[in-house]
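Visitor: build me a structure from this.
(chains A, B and C)
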Amino acid sequence: MNRTHSPLFHISKRASIPWYISWAIRAAAIVAAMLVCALVTMLLTGADPIRIYVTIFQGSFGTVRKFWVLLQELSILLCVSLAVTPAFKMRFWNIGGEGQVLIGGLATAACMFYLGDKMPSGLLIPVMIVASILAGAIWALIPAIFKARWNTNETLFTLMMNYVAIQLVSYFCNIWDRKGSGIVGIINPNTRAGWFPVLAGRQYLLNVLVVAVLTVAVYIYLRYTKHGYEISVVGESERTARYVGIKVEKVILRTMLLSGALCGIAGLLLVGGTDHTISTTTAGGRGFTAVMVSWLAKFDPIFMVLTSFLLAFLSRGSSQIAQNFGLNHSFGDILTGIILFFIIGSEFFINYRLSFRASSEKEDGSHA
Amino acid sequence: MLETLAFYINRAVQQGIPLLFGSTGETLTEKSGNLNLGIPGIMYAGGICGVIGAFFYERGAAVMNPFPAVFIPLVCSLAGSLLMGLLYCFLTVSLRANQNVTGLAITTFGVGVGNFFGGYLIKTSGSSVASLALNATSAFFRKTLPFASKLGAFGTVFLSYSFLAYLAVIVSLIAGILLRRSRVGLHLRAVGENPATADAAGINVNRYKYGATCIGSMIAGLGGLYYVMDYASGIWSNDAFGDRGWLAIALVIFTIWRPDTGVLASILYGGLYILSINNILPTGGVGAVKELYKMLPYVMTIVVLVLTSIRNKKENQPPAALGLSYFREER
Amino acid sequence: MEEKTAAVMLRDISKSFGPVKANDRVWLDIYRGEILALLGENGSGKTTLMNMLSGIYFPDEGQIFVDGREVVIRSPKDAFDLGIGMIHQHFKLVDVFSAAENVVLGLQGKLDMKTVGKRIREICDAYGFEVDPEQKVYDMSVSQKQQVEIVKVLYRGADILILDEPTAVLTPQETDKLFAVLRNMRDAGKTIVIITHKMHEVEELSDRVAVLRHGQFMGDMLTKDTNAQDMTSMMVGHSISLNIQRPEPENPQPRIVVEGLTVRSIDGILKLEDVSFTARSGEILGIAGISGCGQKELLEAIAGLQPVEKGSIRYLHDDGREEELIGKDPLTIADLGVSLSFVPEDRLGMGLVGSMDLTDNMALRSYRRGKGPFLDRGFPKRRAEWVVNELSVSTPGVTTPVRRLSGGNVQKVLVGREIASAPKVLLTAYAVRGLDIGASYTIYDMINLQKEKGVAVIYVGEDLDVLLELSDRILVLCSGKVSGLVDGRTTNKREVGMMMTRLGGGKSE
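Guide: Numbers count the residues shown, from 1 in each chain, chains lettered A, B, ... in the order given. Down below sits the predicted model:
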């Protein structure tokens, strides 16, 4: 409205953009980010950029074991991202993934701890599965109920639920550990009760397979089912949803149950399939990283394979840099941060058009 | 008995001050409609930048002078958190990125920066333990009024803190008055509530968002500085700051976006923490119960959040435009 | 009457939005110390003209003189500096702020709420407003909010006030109060422009009236020298023949019977009061009325989207069974076998999802079909293809997001979907708004086809010429009440126009 000083450029929303341009913009952002990362690393280590890139690559693909660690990291992160995605598609900002994963893990650990010597593995594992799914689902349902009924801010609510979960885990860690250090240690180290079976000699294979199945399942759920369709409609426009008779509250509750259940499964995989223990850092910030993975992939489960690969790859690569160049492991967070900033920023150029003004005489055509 | 009580109140206040800085900063930020989930990272950055400043001053200076010893870390801390705030604003305000995603990325980055440079300095200093001690600088930061200790319980409760602690209280009170009483505060609140109306009234929405978020970040960063220089006596060890940043965000909700209420609320939060770690609250002989006590601040925050939404009193709601980016041409 | 000086003179003002000429070489004089009514139908360019005076738009051509001096108004601030303030239809207020805080929002200088409150009280006392400076906006009625907006403008020192349809949201009592205040302001020397299309308001309030039609200035005169008939003719013009077909209804049977329908908005405003009528199969029932007279609420009440205070809406099946629709949501209504289609006014905000493609938008109505958890996209896809072919929607394909289509094509998709389910009742709200002539006729043809199939059509429209040629019967609403029910074949534009602007058409007065 203010035409007295017309700005140098004008920002307008793009109606659409061909997919190849949007991906070219994202690719350019990643390349730019990699350049900056190399520069930062050079400044701190004095190493030449080629060596840095090679090291990053080695972090994931250097040895067979490293590759499996990458796959494991990727699959767990992907699992949490899959979990939060249905909620995001509904425009429900579930940033409580961290807590929901932890509670799922806690339920798993509790089953292993209390029932490990009371029932055979064939029964114990199904019990763990059910317990973790229930625990995660309930944890997610609590904020959803308040959102649906009283429109309580879900971002803040789910955020707080994370720390309630962390303290709950901390409590049980102290209960279960009789030495007083608050560290549980490996549960059932001798009987291996509740440990997931090792497939084909690869400890992480089962996790990878489970997440692969979940990825396809979530993709199909969001894309091809009536529920998935309702989620999209509610997310795009609540008014349209009501116009066609969709019960918005019901969709919120149902979707958050699913979201929490999937987080519970991630907790199950972490405790039963990977760590065989529980601590307050079991979720390891993945609940938060998953928010970024899901958003970067535009809430599409297939693209999320790529974005979670990117983040897992970076995290492994920068650990490798840290190790090879004698830096500490937090270096990875810095590089991850830099790359995220570039990708987040690049979305602007996909969604908006910058047009520079040739003359200031032109109307900016804003309709009040 | 009185002495003991005074001692615990003193500890509760010291525990609460970093939270107070954080929540005051975040409240200002949220009042502009920016939900900055990067605050935990920014507090780390504020802390480590102060540590870096102090580290190099301690190494470089032959004789330690009180003024530069305080001034250099202070400026470094402010500059570090300002940069983080600017980055957040550039992404969310200028580039209109999603606030949650940006905030979480800032936190990842900030915690990374803190721990990385922390680790780097620890290594450089050749310390045998996994921490860096800046005792000399810290001593200046921890200076209290000379006569405080002579005034008994009164002195312990009210006068025995360093200047940063008083600064936290003063900043919170000023922020409270500013928000409620001043023209700038009125305009800021309008931006967070209804940016389109503010824009129509001739208020520069982006300028207010940038201003509030950057100043908010600087204030929050001081929380990190206070923690390491005063509370931790100048000892930096990685991850020691813990989840205080998230507690600060909880505090914002708990105080229903009122920085001046934060003064007492932060002491309450700090007090709960002190009471639980010192086994004063009943645990029934089970040490683990104190972990449940640490849950209390978050549970209380949830209760406040739920109650305010059920009562639906308009003044007590989050700013109406919280978390949304503003684009004039979007109808 | 003494000679009055023109405070504002508009000369040859033109403004276009794309191909639409909103104002075409408009001349207008506004005199100091009088109330000018700017009269015209919806879309006649009244608001656009005044927006140029208040700095929202900038004219393409023409000159503006204030107190004889040519001025350039580029922003609302420029307008304020010239003493011009406008009160828009959509209030720009911060809900959680007090009246006083809203009034001073955006001003500079030290904030002293005591002085502000005192000045606001002075303004209130001077003109008879009832604004409590301390009261929060969310606690206020619409009328109070409007008063705050007026006080806001006065506080900034405006002496030329423009009010855009200020009574649209008010009850009759509130309107009376507002008029009293406006008269006080006029008597204190302020200049007031009120944009309206209600005849009785013009007669009751204004000193002078200026009429716009299709963006052109039709003339102005002293209110006391004219009468409602003349003004209505000036406003609506002569009937233009549009050559829209109107087949004779075949064997019309009652389909929807509405009795004593009363609806209140969330703010407690009475939107519909004791509305009764019958919509018949094979017939188009036109609903005429000034915008915001309850048309939206009427349609949404029938569709099960609007809570109803009292009354009944019955649906009559072919076999004579009856269903009460009130208190049922759209799904329940559909489950009763009531096949009802609704083309809402807000196409992309309610009727369609802009980011979804044609197929998925078709699925909005049909996605529940079939057993099992999976969505059958084959059916909506075939339907989308049918709509595209049948209504010649110009689109790259059925996988294009509807947001990318032009307005006319978006509407074809929406109407197409709604009639594809072979409804018994078709509700349409402003079905041709924003469409070009060609697209409009396509829509009329579609509606007529439905009528011939025996559908009971309820057509809410704003263009009287269209209503007169398309409808079999016309129900005229005025401020939420039924002002009259006339035969579309025998009535004329003036009769309907009078009924729209005054309850019962003013025959009793």
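Visitor: which bits of the stretch 101-250 of chain C sit near chain B?
Guide: C:101, C:104-111, C:113, C:136, C:138 (Cβ under 8 Å from any Cβ of the partner chain). The C-beta positions use only the backbone N, C-alpha and C, and glycine is treated the same way.
Visitor: show me what contacts the nearest residue to B:Arg189 once chain neighbours are set aside?
Guide: Distances taken as Cβ to Cβ, 6 or more residues apart in numbering or on different chains put B:Lys31 closest to B:Arg189, at 5.7 Å, once the chain neighbours are dropped. Counting by Cβ atoms under 8 Å, 6 or more residues apart in numbering or on different chains, B:Lys31 makes contact with B:179, B:188-189, B:191-192, B:212, B:257, B:319.
Visitor: chain A: strands as residue ranges?
Guide: A:9-13, A:352-356 (DSSP state E).
Visitor: tell me the most buried of the ones you listed?
Guide: Mean neighbour count (mean count of other Cβ atoms under 10 Å in any protein chain shown) peaks for strand A:9-13 among these, with a mean of 13.
Visitor: and the residue nearest to A:Trp93 when sequence neighbours are not counted, what is it in contact with?
Guide: Spatial nearest neighbour of A:Trp93, chain neighbours left out: A:Thr155 (4.3 Å); criterion: Cβ to Cβ, 6+ apart. Neighbour list for A:Thr155: A:93, A:95, B:35, B:100, B:323 [criterion: Cβ under 8 Å, 6+ apart].
Visitor: C:Pro307 too?
Guide: C:Val263.
Visitor: list only buried entries from the contacts of A:Thr155.
Guide: Buried subset of these (neighbour count, 16 or more other Cβ atoms under 10 Å in any protein chain shown): A:93, A:95, B:35, B:100, B:323.
Visitor: if I pick residue 202, what's in contact with it?
Guide: The chain I'm using is chain A. Contacts of A:Arg202 (Cβ under 8 Å, 6+ apart): A:Trp68.
Visitor: other chain: chain B
Guide: By Cβ under 8 Å, 6+ apart, the neighbours of B:Gly202 are C:76-77, C:106.
Visitor: taking the stretch 1-150 of chain A, what residue is nearest to chain B?
Guide: Ranked by Cβ to the nearest Cβ, the top residue of the stretch 1-150 of chain A for proximity to chain B is A:Trp150, at 4.5 Å.
Visitor: mind listing what the residue of the stretch 151-300 of chain A found nearest chain B touches?
Guide: Distances between the stretch 151-300 of chain A and chain B by Cβ to the nearest Cβ are smallest at A:Asn174, namely 3.3 Å. Each residue near A:Asn174 by Cβ under 8 Å, 6+ apart is listed here: A:180, A:182, B:287-288, B:291.
Visitor: and the helices in chain B?
Guide: B:2-31, B:39-60, B:66-89, B:99-125, B:135-141, B:152-154, B:163-181, B:183-193, B:195-200, B:205-226, B:244-254, B:259-277, B:289-311 (DSSP state H).
Visitor: before we move on, back to that, who wins for most neighbours among the contacts of A:Asn174?
Guide: In terms of neighbour count, B:Glu291 stands highest of those at 23 neighbours, by other Cβ atoms under 10 Å in any protein chain shown.
Visitor: do you know how far it is from A:Cys173?
Guide: Applying Cβ to Cβ, to the nearest Å, the value for B:Glu291 to A:Cys173 is 8 Å.
Visitor: quick check, pLDDT for residue 115.
Guide: No chain specified, so I'll use chain A. For A:Leu115, the model assigns a pLDDT of 89.
Visitor: let me rephrase: I mean chain C.
Guide: Looking at C:Thr115, its pLDDT is 91.
Visitor: which residue is nearest the centroid of chain A?
Guide: Most central in chain A under Cα atoms, centre = their mean is A:Ala290, positioned 1.3 Å from the mean C-alpha point.
Visitor: so who does the residue in chain B that chain C sits nearest to touch?
Guide: The nearest approach of chain B to chain C comes at B:Ala201, 3.0 Å away (Cβ to the nearest Cβ). Shown in contact with B:Ala201 (Cβ under 8 Å, 6+ apart): B:190, C:92, C:105-106.
Visitor: switch those residues over to TSV; also include secondary structure and pLDDT.
Guide: Formatted as TSV, those follow (DSSP: H, G, I helix; E, B strand; the rest coil; pLDDT from 0 to 100):
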residue	secondary structure	pLDDT
B:Ala190	helix	94
C:Lys92	coil	88
C:Leu105	coil	90
C:Gly106	coil	85
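Visitor: out of these, who has the most neighbours?
Guide: B:Ala190 (29 neighbours).
Visitor: which residue is the nearest non-sequential neighbour of that one?
Guide: Sequence neighbours aside, B:Ala198 is the residue nearest to B:Ala190 in space, at 4.1 Å (criterion: Cβ to Cβ, 6+ apart).
Visitor: can I assume C:Val486 sits in a strand?
Guide: Yes. Assessed by DSSP: H, G, I helix; E, B strand; the rest coil, C:Val486 belongs to a strand.
Visitor: beta partners of it?
Guide: Beta-bridge partners for C:Val486, by DSSP bridges, are C:Ile474.
Visitor: residue contacts, B:Lys209?
Guide: Counted by Cβ under 8 Å, 6+ apart, B:Lys209 has contacts B:32-34, B:89, B:93, B:191, B:326.
Visitor: tell me which of these is nearest to C:Glu149?
Guide: Top of the list for closeness to C:Glu149, among the contacts of B:Lys209 and by Cβ to Cβ, is B:Val191 at 19.7 Å.
Visitor: now do that closest one, the pLDDT please.
Guide: B:Val191 is assigned 95 on the pLDDT scale.
Visitor: if I read this right, it contacts B:Asn204, doesn't it?
Guide: No. Using Cβ atoms under 8 Å, B:Val191 is not in contact with B:Asn204; the gap is 9.0 Å.
Visitor: out of the two, which sits in the busier spot?
Guide: Taking neighbours as other Cβ under 10 Å, B:Val191 and B:Asn204 compare with B:Val191 leading, 29 against 14.
Visitor: residues in contact with that one?
Guide: Listed by Cβ under 8 Å, 6+ apart, the contact set of B:Val191 reads B:31-33, B:198, B:203, B:205, B:208-209, B:212, B:321.
Visitor: any idea how far it is from B:Ala320?
Guide: B:Val191 sits 11 Å away from B:Ala320, going by Cβ to Cβ.
Visitor: you'd agree B:Gly323 is up against B:Gln99?
Guide: Yes. Between B:Gly323 and B:Gln99 there is a contact at 5.3 Å, judged by Cβ under 8 Å.
Visitor: by mean pLDDT, show me the worst of the helices of chain B.
Guide: Averaged per stretch, pLDDT over those is lowest on helix B:152-154, reaching a mean of 76.
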